[in-house]
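> Sequence and predicted structure, then a few things I'm wondering about:
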Amino acid sequence: MRRTIAISKRIFLELIRDKRTLAMLFLAPVLILTLLNYVFSINTSTNVNIGVVNVQRSMKSTINDVKHVNIKEYDNKKEAKKALDNQKVDAIFEENQHDDYSVLYANTSASKTAMIRRILSASFTQEKTFQMADTLKQMTEKLGMNSDNKNTTNDVNLKESYNYGNKNTTYFSSIMPIFMGFFVFLFVFLISGMSLLKERTSGTLGRLLATPVKRSEIVFGYILSYSLVAIIQTTIIVFFTIYVLNVQVTGLILNVFIINLLLALVALTFGLLLSTLANSEFQMMQFIPIIVVPQIIFSGIIPLDSMATWAQWIGNILPMKYASNAMTDVILYGKSFANILPELLMLIIFIVVLLVANIFGLRRYRKV
Amino acid sequence: MQTVISVEKVSKSFGNQQVLKNIDMLLKKGEIIGLIGPSGSGKSTLINIALGVERADSGLTTIFGQKMPNRMLLGKLGYMAQSDALYESLTAKENIRFFAEMKGVDKKLLTPEITRVAKIVSLENYLDKRVSGFSGGMKRRLSLAIALISDPGLLILDEPTVGSDPALRLQIWQELHRMRDEGHAILVTTHVMDEAELVDRVALLLGGELIANDSPQNLESQYHVDSIEKVFLKAEGELK
C-alpha cells in the first residue's frame, strides 16, 4: 500500500510539473466544448431558397409563408438552373401544367433537401385544404345557409412544455453528455499510455522492477493517480458545462462523476496495456484512429439502433458506448443510480479484465 | 568467505540463438567482479538473470543462498542500469526518496538515508535541483546514489562510469573499493579495459561462454601479456 501511494504521488508530481500536458488535460476540453456549443447553437435553423418557375400565385404565397424559406422567381427553367448551379437557390420548383409539378433539388445538403421536400408536401396539403374550404364556403352560400358562425374556425391552441431543457435547447445538449465522457477517455488513455511508455524507454521501469515492488502495486499506483486526474477533469468539465454553457443536468451530478471515474479507469488500463505494444510516442499516437475514433463513432452520436447488426455488435464491445448511454440517461433523462447500474457493471468488467491483463503483461519485464 | 551470487550451469536462448552457454560463476562477499565482453556477448542477459528479469532455461542462480527469481531478494541488492533511468522532472531528493520507498526503507530513516547516499556521490548540495538540469556526470552519480540506498550487500552496476570524466571515474572506483573493503559484493560490467585492472576478478564473456575468470594479474601472466586489453584481444582472437 505504501509503495502504491508513493508511485501515485510520483506520477502526480511529474504530471503537475508538465505544464503543457496539464493544459491539455484541463483546458483543451473546455476549449472544444465552447467551440462545439458555439457551432451547434448558431445553426439551429436552416434557411432554404427555392427558385420557382411558372407557379401559380396562391401556391407561391403558401410556400413563402413558411419560416426560413425564400422564394425567387425565374422566367424560365434555364435561368433557374443557372441560379442553382451558382448556389443561389437550393431547389427549382416548376409548374408544368395545372396540378403537375416538378422539382429539381441541388441535393448538396441532405438536410436542406429533406426540408424542401417537407415544405412542398405541406404546401400541397394546405393548398388542397384551402381549395376545399373555398368550395365548402361556396356551397354553403349557394345553399343559402348563414355563415356567420365564426366560432367554428377558432385558432387551435397548443401549449408547449419541455421534459428536458427549454425551447433554446440545441443539438449540443444531446451530444454534450457523450463528449463529457469522451474527453476523459481520450486524455487519460493517451497520457497514461505515454507515461508508462516513457517509463519503459527511459529505463526507470527496469530500475523500478529491480526493487521488491509488486507488479500490481505499480498498476494500482497508476490507477490511484489517474483517478484523481479524472476527478479533477470531470469537475472542470461539469462545472463549465453547467455554469458557463448553461447545460441542464437532470440527474445527480454524483452519478456523472461515478461514470467518468469508471470510464477513466477503462481508458487508463487500456492505455497502459496498449503502451506495451508501442515502441515510441508516435506509435502510441497511432492508436488514436484505430482505438479512440471508433469509440466516438459508436458512442451514440449517430443513433446505434439505425445501424446494421454487425455494426451494433462492434458498439457492444466498446466501453465508450456504455459510458455514453449512462451519461445520456443521467444528464438528459435524470435516471437514477439503479437505472445506470447495468452500464456501470459493464465498465467494471472492462476494468477488471484489463487490470488483470496489465498485471500479467508486466511479467514481460520481470519474471516475478 | 560467504558466497553472494552463485551461477551454476546457466544456459539461456532467445529463439534459436543461444546467448549463455553453461555459465558457472561465483561472487563472494568483499569482492569485485568485472564482467567484460563485447556487446552481444550476454553480459546484460547474465545480469538480467541475476536480477530475476529473465528466467534461465537451465541451471541455478542463487543470491545470498536463495534461488532467483525472487522478488523479496531484490531489496537486498542495489542495481544501476546502463541508462541513467531517472525521473527528469523530479528533483534529486525526490528521485532518491521514491526509490528508497520502493525498497521499503523505514519512513523515519528516509531523510538520513537520502543525505547519506547523496554525500557519497557529493550531490548533497544539489538535492533540491531537478534532474533535467543535471549534467551527464551528475545524473550518473545520482544513479549510483540510488543503487546505494539501504546499503545493500550486493551491488550490480551496469557500466557505472560510462560518460563520466576521469575525476568522477576515479571517485566512483574509490567508492567501490571502499565498499568492497566494508564487505560488499560488487558485480560491475565495463568496456573500459583499464578499469578492468581495478577489479579483483575478471570474468571474460565471449560468445555466451565464460572463457576466463581470474584476477587481472593471473590472467595477464596466463596469456603472457601486460594488460587486460591484450588478454581480451588475444582471447577473442583464439576464439575465432
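All right, it came through fine.
> and whatever residue of chain A ends up closest to chain B, how many neighbours does it have?
With distances taken as C-beta to the nearest C-beta, chain A approaches chain B most closely at A:G203, which sits 3.5 Å away. No exception for glycine: its C-beta is placed from N, CA and C like everyone else's. Counted with other C-beta atoms under 10 Å in any protein chain shown, residues neighbouring A:G203 total 17.
> Got the phi and psi for the closest residue in space to it that isn't next to it in sequence?
Nearest in space to A:G203, with sequence neighbours left out and distances taken as C-beta to C-beta, 6 or more residues apart in numbering or on different chains, is B:A85 at 3.5 Å. Main-chain dihedrals, B:A85, degrees, to the nearest 10: phi 50, psi 60.
> was I right about B:A85 contacting A:L209?
No: under the criterion of C-beta atoms under 8 Å, B:A85 is not in contact with A:L209, lying 10.8 Å apart.
> Tell me the secondary structure of the residue nearest in space to the middle of chain B, please.
In chain B, the centroid-proximal residue (C-alpha atoms, centre = their mean) is B:L157; its distance is 2.0 Å. At B:L157, secondary structure determined by DSSP: H, G, I helix; E, B strand; the rest coil is strand.
> residues in contact with it?
B:79-80, B:144, B:147, B:176, B:186-189 (C-beta atoms under 8 Å, 6 or more residues apart in numbering or on different chains).
> Please repeat the previous calculation with a cut-off of 7 Å.
With contacts taken as C-beta atoms under 7 Å, 6 or more residues apart in numbering or on different chains, B:L157 has the following neighbours: B:80, B:147, B:186, B:188.
> So what's the residue count around the second one?
Other residues lying near B:A147 total 23 when counted by other C-beta under 10 Å.
> hang on, it packs against B:L154?
No: B:A147 is not in contact with B:L154 according to C-beta atoms under 7 Å; the separation is 10.4 Å.
> name the element residue 221 belongs to?
No chain specified, so I'll use chain A. Following DSSP states H and E, the helix or strand that holds A:G221 is helix A:215-239.
> ah, no, chain B please
In this assignment (DSSP H and E), B:S221 forms part of helix B:216-222.
> list the helices and strands that helix packs on?
helix B:228-239 (3 or more C-beta pairs under 7 Å, 6 or more residues apart in numbering or on different chains; DSSP states H and E).
> so where do the strands sit in the chain?
This is for chain A. Listed in chain order, the strands found in chain A under DSSP state E are A:48-53, A:69-74, A:91-97, A:100-105.
> my bad, chain B
Assigned by DSSP E, chain B shows strands spanning B:3-14, B:17-28, B:31-36, B:58-63, B:66-67, B:77-80, B:154-158, B:185-189, B:201-206, B:209-214.
> okay if I get the contacts of B:L157 as a markdown table plus pLDDT?
Below are the contacts of B:L157 laid out as a markdown table (pLDDT from 0 to 100):
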| residue | pLDDT |
| --- | --- |
| B:M80 | 92 |
| B:A147 | 94 |
| B:I186 | 95 |
| B:V188 | 93 |
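> could I get those as JSON lines with distance to chain A?
Formatted as JSON lines, the entries for those read as follows, by distance: C-beta to the nearest C-beta, whole Å:
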{"residue": "B:M80", "distance to chain A": "8"}
{"residue": "B:A147", "distance to chain A": "9"}
{"residue": "B:I186", "distance to chain A": "15"}
{"residue": "B:V188", "distance to chain A": "16"}
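> could you list every residue that touches the closest residue to A:L197 other than its chain neighbours?
Residue nearest to A:L197 in three dimensions, not counting chain neighbours: A:S275, with 4.4 Å by C-beta to C-beta, 6+ apart. With contact taken as C-beta under 7 Å, 6+ apart, A:S275 is in contact with A:193, A:196-197, A:284.
> what do you get for A:S111?
Applying C-beta under 7 Å, 6+ apart to A:S111 gives the contacts A:T46.
> and it, how far is that from A:N47?
As defined by C-beta to C-beta, to the nearest Å, A:S111 lies at a distance of 11 Å from A:N47.
> got the residues of chain A near chain B?
If contact is defined as C-beta under 7 Å from any C-beta of the partner chain, the residues of chain A in contact with chain B are A:2-3, A:6, A:10, A:13-14, A:17-18, A:202-204, A:206-213, A:365-368.
> Which of these fall in helices?
Judged by DSSP state H, the residues of chain A next to chain B include A:2-3, A:6, A:10, A:13-14, A:17, A:204, A:206-208 as members of helices.
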